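Chemist: Just the structure for this:
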Amino acid sequence: MFIDFNQFFQALSSRDHLNSEPKDFMSSYYKKFPAAVLGCTYRPESMGSQEAAIDGLDDLKKLGIQEVRLGLRWNKIEKSPNKLNLSYYEPIIEKLLKQKAKISLNIGPIKSAGWPEQFIPDWVSNECTIRKGQCIHVGDDIAIRALDYTDRLLKTLHHKYGEDAFTSIQPENESFKKFGTLQTTSGKDYLNELIRLVDLYYPKIPILLNSAGRSNIYQIFQFIKKYGNHKKFIVGYNYYFVTDTNYKFYPGVRYFDDFVRMKFTSPPMNLVPPQVKFEVSECQFEKWGRAMWPGDSYEAFCYALWRSGQAIPAGQDEFVIRLWGVEKLIKKIRSHKLTEEHDKIISAIQMLSKSNSQLGGRQKWFF
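Modeler: Numbering: from 1, shown residues only. This next block holds a predicted model:
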């Protein structure tokens with residue numbers, strides 16, 4: 001792994017915007033990235049109880065969050081063979097729809113957003129042989145069950161909510177990245193079958209494929225080349241701060257991110273076909289590994305927001321940046337444990353949402 005010093009100095013230069021007051025930062029941010037729309041990836045399981053997860057949606061709305069990526073976990077829906085039970089997610093989906101939120105649905109089935117990444121029901125694990133690091137292909141026992149479940153899930157969702165309830169659907173999560181307790185990846189044949197099923201029930205809805213940082217973006221581009229309709233896809237980039245201990249001796253290490261860590265001659269984003277939309281599916285907003293300042297730091301919030309904006313190809317009319325870890329902020333709001341840093345973060349969010357809604361053109365919502 002290499003350091004791209006051009007990106008490193010660009011990251012350092014972003015500090016010029018980090019210590020300004022929320023009003024000044026948001027003014028600079030919107031001028032620099034006028035197409036940005038802030039949303040979140042929402043993990044209801046992280047809220048503790050279903051009731052808390054449902055109540056948390058009120059806080060999302062108060063903060064102006066209307067772009068919500070929601071993950072459905074297989075082991076939560078099919079706890080016994082051939083018996084789908086959506087009772088955990090139904091009130092959450094229905095409340096989001098009532099709030100007129102835009103829902104991006106991460107359906108898995110094997111990998112969904114959040115640790116431990118793979119959410120396979122126990123009964124499936126007992127019946128199938130699943131190897132650590134396995135690349136899932138059509139014909140594998142686990143693929144046969146996953147595809148059957150996905151078919152029934154999509155049919156149920158389509159019957160219950162119709163064709164227009166969701167703005168995008170994401171099969172699997174970080175399909176080509178070895179990550180999670182099982183570190184499984186998706187073979188192209190298996191991913192094609194998932195896409196075929198999504199097309200069967202939702203032919204008009206874009207399909208989201210996301211990358212763990214920059215590590216798999218090129219694979220995603222190569223994969224979608226075979227599809228003539230590039231508008232069918234949204235490419236997602238997951239933005240995280242550095243966690244590698246190899247860099248602990250470098251000055252300014254906390255400014256390292258996936259731009260700095262991977263050296264390349266041409267940014268992969270420049271290879272995106274012009275018809276393909278791009279988003280930041282996960283923008284780190286919580287502590288993880290050695291990155292201990294996201295979530296509780298106004299400076300880290302501004303930095304992640306700025307760097308995520310730089311990840312999007314120039315010229316895109318609109319792009320979504322989804323904060324990862326918003327549940328922790330909601331818990332702090334509800335338990336009245338906000339610090340001055342949190343107050344500034346919330347203030348910045350509210351200012352950005354308000355100032356944007358007063359501009360000409362369509363209304364946008366920010367978080």
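Chemist: which helices and strands sit right next to the helix ranked longest in the chain?
Modeler: Counting by DSSP state H, the longest helix found in the chain is helix 141-161. Helix 141-161 sits against helix 74-77, helix 90-98, strand 102-108, helix 122-127, strand 135-136, helix 188-201, with contacts defined as 3 or more Cβ pairs under 8 Å, 6 or more residues apart in numbering; DSSP states H and E. C-beta: built from backbone N, CA, C; applies to glycine.
Chemist: who wins for proximity to residue 177 among the ones you listed?
Modeler: Nearest to residue 177, of all these, is strand 135-136, at 11.5 Å by Cβ to Cβ.
Chemist: The closest one pairs with which strands, and in what direction?
Modeler: strand 185-186 (parallel) (DSSP bridges).
Chemist: Most tightly packed of the helices and strands packed on helix 141-161?
Modeler: strand 102-108 (a mean of 24; mean count of other Cβ atoms under 10 Å).
Chemist: Show me what it is packed up against.
Modeler: Judged by 3+ Cβ pairs under 8 Å, 6+ apart, strand 102-108 is in contact with strand 67-71, helix 90-98, helix 141-161, strand 166-171.
Chemist: And the ones you listed: which comes nearest residue 54?
Modeler: Of the helices and strands packed on strand 102-108, nearest to residue 54 by Cβ to Cβ is helix 90-98, at 5.5 Å.
Chemist: ok, residues contacting the closest one?
Modeler: The contact list for helix 90-98 (Cβ atoms under 8 Å, 6 or more residues apart in numbering) reads 44, 50, 53, 54, 57, 68, 70, 103, 160, 161, 165.
Chemist: how much space between the first one and residue 108?
Modeler: Taking Cβ to Cβ, to the nearest Å as the measure, residue 44 and residue 108 are separated by 14 Å.
Chemist: where exactly do the helices run in this structure?
Modeler: Using DSSP H, helices in the chain cover 5-13, 22-32, 50-62, 74-77, 90-98, 122-127, 141-161, 188-201, 217-224, 258-261, 298-310, 326-334, 340-357.
Chemist: Report the inter-axis angle for the longest one versus strand 102-108.
Modeler: In this case it means helix 141-161. Helix 141-161 runs at 150 degrees relative to strand 102-108, counting by axes from the mean of the first three to the mean of the last three Cα atoms, to 10 degrees.
Chemist: any idea how far helix 141-161 is from the chain center?
Modeler: Taking Cα atoms, centre = their mean, to the nearest Å, one finds helix 141-161 lying 22 Å from the centre of the chain it belongs to.
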